[in-house]
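# This is the structure alone, sequence omitted:
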């Protein structure tokens, strides 16, 4: 009977050791995942900033291009602006119905 008790105690201690080891592995893995997530978030932030600067630059180029065309063709620019305004007014009017 004492042998069975000692065997049971040993098994309980082994199980306790395995549980502690597993808990430590889980903590280490969670810490590693947290570190990786921070790294990925920082990298995504840098990429978004770069993309925003690129889009802003492209927007400025497009604005400059349209502005140069309108300056060269004032009457055509006014006609296009009037057509766009009329079209938007019709869309807004139909949306209210």
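Thanks, I have it. Only a predicted model underlies this, so the values are computations on that prediction, with no experimental measurement involved. Numbers count the residues shown, from 1 in each chain.

# Can you give me the distance of the spatially most central residue of the chain to residue 63?
Nearest to the geometric centre of the chain sits residue 44, at 6.7 Å (CA atoms, centre = their mean). Distance of residue 44 to residue 63, given as CB to CB, to the nearest Å: 28 Å. Backbone N, C-alpha and C define where each C-beta goes, glycine included.

# average pLDDT across the one helix or strand residue 63 maps to?
Residue 63 belongs to helix 2-72 when assigned by DSSP states H and E. Helix 2-72 shows a mean pLDDT of 85.

# packing partners for it?
Using 3 or more CB pairs under 8 Å, 6 or more residues apart in numbering; DSSP states H and E as the contact definition, helix 2-72 packs against no other helix or strand.

# I'd like the next helix or strand past that helix.
helix 74-95.

# buried set for that following helix?
Residues of helix 74-95 include none that count as buried (16 or more other CB atoms under 10 Å).

# what does it rub up against?
Residues from elsewhere that reach helix 74-95 (CB atoms under 8 Å, 6 or more residues apart in numbering): 69, 70.
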